[in-house]
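Asker: The following block contains a protein sequence and its predicted model.
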Amino acid sequence: MEIGTSSAREQWRSILARTPVMVGRQVAFLPVETLTCLAASLLVNHRKYGGSTAHRAEAPVPALARLFQRPNSSVLAKMANLDGSRRNGAKHEIEVAAHLLAGPGSLGAVYRVILAAARDVGIGPARLPDFLGLADNDSELLLLGQGQLDSAEVELAVQASSANWLESRADLDERTTERLLVAAVRVGQHRFAHEVLRNHGHRCVFCGLSISVEGSRAVRMLVASHIKAWRSSNHAERLDARNGLTACPTHDVAFDTGLMTVNGGLRIHLKPSLTAAVGTDPATRAAFGRPPLADRLLLPAAALPPRAKYLAWHHQHVYRETPAPALPLAL
């Protein structure tokens, strides 16, 4: 599904001339709509919404629905078609999605073309927001959190799912199916990281570090990692933002390797050996003294706290000590 700027402009003009379809079948999706939905799927998991909850879909779905003159449910259904989870999804569209998601740089380039074309015909940010944040910089589209995914573990996850996919979508060849399943893992991790970072206000929950450069977040200065490791989590746990913590690289590694942990009351605990090093080594004290390390996780007032079961898993399997008694968080 190649698209040029001129073609994209004409399609956007056609969309602007639409009137809402109150009764009967919706008009077919144009390529710019389909590709915009594919880009939006990097942020929105359509599986979170059913027919009765589509009206609650998160941004940018409502904006796209208004622009396309369609209900939220149609935008979500198109996302489901593109990832192959609906039997009636067009094979050609699925193959395009698999190709573009296999190389996020390609999807980012297409996104820039269709967004620029929309601006050319007068569709401003209020109607079509730059939800991937690529319009005003030269950076490539990067999927967040990919460092957590070991290639061998991804391959095992794909193998475990491929048989069911090949059976339910016999029209797709094995190569397309494999690319879709790999993309599903990597896009799922990107959505997870995006949601974790947003939940924590884009700052380290251990020390409060939050860096902006010319208005853009320095994304590599913060990491959104699982509390219960990805390889040990089931599918739902891997996508649960309450199984994640936002941290600067230093505190992320310390948590991931069990040099520190967090109890059910959200208090931060250090290994005794690390505590001793804080008292004797200035460099260690600069990273793990209090401050900069907080006593408890630094969460925004509206943030969802991590689930107690994930913190308990980390304490037992990574920190390797019996969790201290604490009031349990809501599960």
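Answerer: Arrived safely.
Asker: And the helices in the stretch 51-200 of the chain?
Answerer: With helices called from DSSP state H, counting those that start in this stretch, the stretch 51-200 of the chain shows them at 61-68, 72-82, 91-102, 104-120, 151-168, 174-199.
Asker: what would those helices look like in a markdown table with mean neighbour count and distance to His317?
Answerer: For glycine as for every other residue, the C-beta is placed from the backbone atoms N, C-alpha and C. Formatted as a markdown table, the helices of the stretch 51-200 of the chain follow (neighbours: other CB atoms under 10 Å; distance: least, CB to CB, whole Å):
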| stretch | mean neighbour count | distance to His317 |
| --- | --- | --- |
| helix 61-68 | 20 | 37 |
| helix 72-82 | 22 | 35 |
| helix 91-102 | 19 | 32 |
| helix 104-120 | 18 | 32 |
| helix 151-168 | 13 | 16 |
| helix 174-199 | 20 | 20 |
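Asker: Lowest average confidence across these, which one?
Answerer: Least confidently modelled of these is helix 151-168, at a mean of 71 by mean pLDDT.
Asker: number of nearby residues for Ala301?
Answerer: 5 (other CB atoms under 10 Å).
Asker: One more: the one 4 residues further on?
Answerer: Number of residues near Pro305 (other CB under 10 Å) recorded here: 15.
Asker: returning to that earlier point: can you say which of the helices of the stretch 51-200 of the chain is nearest to Thr257?
Answerer: Taking CB to CB, helix 151-168 is the member of those nearest to Thr257, at 17.9 Å.
Asker: quick one on the thing from earlier: list just the one of the helices of the stretch 51-200 of the chain that sits closest to Ala276.
Answerer: Closest approach to Ala276 among these (CB to CB): helix 174-199, 31.4 Å.
Asker: Now do that closest one: distance to the chain's middle.
Answerer: Put simply, helix 174-199 sits 7 Å off its chain's centre (CA atoms, centre = their mean, to the nearest Å).
Asker: now do stretch 238-254
Answerer: The answer for stretch 238-254 is 13 Å, by CA atoms, centre = their mean.
Asker: Now the terminal residues of it, how far apart.
Answerer: Taking CA to CA, to the nearest Å as the measure, stretch 238-254 stretches 21 Å from start to finish.
Asker: Tell me which of the helices of the stretch 51-200 of the chain sits nearest to Gly244.
Answerer: Among the helices of the stretch 51-200 of the chain, the nearest to Gly244 by CB to CB is helix 174-199 (3.6 Å).
Asker: Could you tell me the angle between the closest one and helix 104-120?
Answerer: Between helix 174-199 and helix 104-120, the angle comes out at 70 degrees (axes from the mean of the first three to the mean of the last three CA atoms, to 10 degrees).
Asker: Make TSV out of the helices of the stretch 51-200 of the chain and add distance to Ala283.
Answerer: Output for the helices of the stretch 51-200 of the chain, formatted as TSV (distance: least, CB to CB, whole Å):
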stretch	distance to Ala283
helix 61-68	47
helix 72-82	48
helix 91-102	42
helix 104-120	37
helix 151-168	34
helix 174-199	28
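Asker: Can you tell me which of these is nearest to Phe29?
Answerer: Nearest to Phe29, of all the helices of the stretch 51-200 of the chain, is helix 72-82, at 5.9 Å by CB to CB.
Asker: low-confidence ranges in the stretch 201-331 of the chain?
Answerer: Filtered on pLDDT under 70, the stretch 201-331 of the chain yields the residue ranges 212-219, 321-331.
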